[in-house]
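[1] Show me how the following folds:
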Amino acid sequence: MAGRGHWRRMTDLALALLRHGYRALGRERERAGGTDPFVARLLGRRTVVVRGHAGARLFYDESVIRRRGAVPPPLAWLLFGRGAVHGLDDNSHRDRKLLLVDALAGVQPLVAEAGERLAAADWSEPVMAFDRLVEVYGTAALHWAGIEVADEEAARISRRLAAIVDGFGFAGPAYARAWRQRLWSDRWAARMVREARDGRRAPSAGSPLATLAGARDLDDRTAGVELQNLIRPTIAVAWLGAFGAHRLEENPAFRARVAEDVHARRAFAQEVRRATPFTPLLAGRVRRPTTLEGVELRPGDFVVLDVWGIDHDPGRWEHPARFDPDRFLDRTPDAFDLVPQGGGHPSGHRCPGEPLTLLLLDETFRVLSGLDYRLRGSADVDLRRMPARVR
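    As a prediction, the model looks like this:
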């Protein structure tokens with residue numbers, strides 16, 4: 001029914017997401033008759049929701065789908081910043097992404113510092129895994145980026161940047177806090193770039209701050225936005241790291257295998273990403289008319305990639321609700337098979353920070369598996385809240 005022009009009768013996806021979080025698209029798919037893809041509406045506009053392998057391929061076909069105008073400004077400006085790479089297309093996107101990929105080169109010192117700080121931390125009392133990882137990842141990321149600040153100041157900056165991420169789900173107080181920190185962080189990051197360009201700050205050669213300060217085609221504000229888009233997503237790995245830390249604490253068998261076997265550790269990290277993807281969906285806009293499995297896509301339509309649905313598709317993953325790292329021991333997902341940080345090929349819109357995420361999780365779980373630690377809270381996840389957090 002939804003595919004025959006009755007999409008206007010369906011609940012707007014924006015409202016469904018506020019009510020049901022990560023399960024919203026699955027509920028709307030059932031209301032549409034269980035079809036895949038299916039037609040819905042988002043912000044009052046006709047929207048095609050895609051989930052399967054063919055849908056993921058279409059979503060990352062830049063000749064069909066564009067990113068400009070896909071994310072509403074209140075959310076895009078909050079999470080990514082005005083003028084960020086995420087909203088660019090074609091040559092503008094490729095040129096900016098190459099700059100960021102260059103800035104992401106040489107991340108091993110970041111990963112090593114994070115591991116050292118985790119190992120040296122005081123674990124004698126129960127701690128909040130998420131809070132600790134925000135400060136550890138943030139401090140390491142700031143130093144790697146070429147911003148030398150004392151640990152106390154680095155922890156404060158890290159918490160402020162994490163608050164921006166925590167508000168993207170429009171959850172009342174969290175959303176208001178996120179915007180306060182966004183306004184602060186834009187001024188702070190622009191100042192870092194300006195001081196580097198004026199010679200008042202001397203970041204190490206090749207650091208992200210030095211790379212972006214040297215990009216003279218970007219003004220201070222835009223360079224600062226992209227500087228944040230390297231540091232803040234690194235801090236956001238704390239969401240995934242916290243889920244994994246709780247899984248290790250609650251299951252000694254996981255801990256023993258992760259400590260001893262690098263392959264088991266990487267499989268564990270992949271299962272953490274699959275079971276608890278950061279976002280429930282990604283959005284694009286149709287450039288030119290096409291069809292997908294009989295569903296018409298019209299220029300200007302929204303296209304929504306069902307990230308949660310792909311990573312929990314029972315046709316793709318056996319017992320998808322079960323946390324089972326063994327599923328990745330003999331399986332290497334392709335570019336459209338596992339999409340917790342998006343999919344597609346690296347030359348396109350695939351997240352350039354995904355390799356860093358995997359390295360950071362690998363090091364985190366290596367260190368934690370060898371520690372005797374206790375955590376506050378549990379691995380239970382409130383899937384109505386975006387981004388999901390351990391309880």
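
[2] which residues does the nearest residue to Ala190 once chain neighbours are set aside contact?
    Counting by Cβ to Cβ, 6 or more residues apart in numbering, Gly224 is the residue found nearest to Ala190 once chain neighbours are left out, at 3.8 Å. Every C-beta, even on glycine, is put in place using the N, C-alpha and C of the backbone. When contacts are counted by Cβ atoms under 8 Å, 6 or more residues apart in numbering, Gly224 touches 186, 188-193, 212.

[3] Now flag whichever of those is closest to Arg94.
    Nearest to Arg94 among the contacts of Gly224 is Leu212, at 17.1 Å by Cβ to Cβ.

[4] what's the domain layout of the chain?
    1-80+279-339, 102-268+345-391 (automatic domain parsing).

[5] Adding mean pLDDT and distance to Asn91, write those domains out as TSV.
    Shown next, in TSV, are these (pLDDT from 0 to 100; distance: least, Cβ to Cβ, whole Å):
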stretch	mean pLDDT	distance to Asn91
domain 1-80+279-339	89	11
domain 102-268+345-391	92	12
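
[6] and the next element down the chain from the longest helix along the chain?
    Secondary structure of the chain per DSSP state H: the longest helix is helix 220-250. Once helix 220-250 ends, the next helix or strand along the chain (criterion: DSSP states H and E) is helix 252-260.

[7] Following the chain onward from that following helix, which element is next?
    Following helix 252-260 toward the C-terminus (DSSP H and E): helix 262-275.

[8] other SSEs contacting that following helix?
    Applying 3 or more Cβ pairs under 8 Å, 6 or more residues apart in numbering; DSSP states H and E, we find helix 262-275 packed against helix 220-250, helix 252-260, helix 354-369.

[9] and the angle for it with helix 354-369?
    With axes from the mean of the first three to the mean of the last three Cα atoms, to 10 degrees as the basis, helix 262-275 and helix 354-369 are set at 110 degrees to each other.

[10] Tell me the strands beside the helix or strand Ala283 falls within, with direction?
    Taking DSSP H and E as the definition, one finds Ala283 inside strand 281-286. Note on strand 281-286: by DSSP bridges, its sheet partners are strand 65-66 (antiparallel), strand 302-306 (antiparallel).

[11] Including distance to Arg23, could those strands go into CSV?
    What follows is those, written out as CSV (distance: least, Cβ to Cβ, whole Å):
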stretch, distance to Arg23
strand 65-66, 25
strand 302-306, 11
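
[12] follow-up on the earlier one: quick check: which of the helices and strands packed on helix 262-275 is buried the most?
    helix 220-250 (a mean of 23; mean count of other Cβ atoms under 10 Å).
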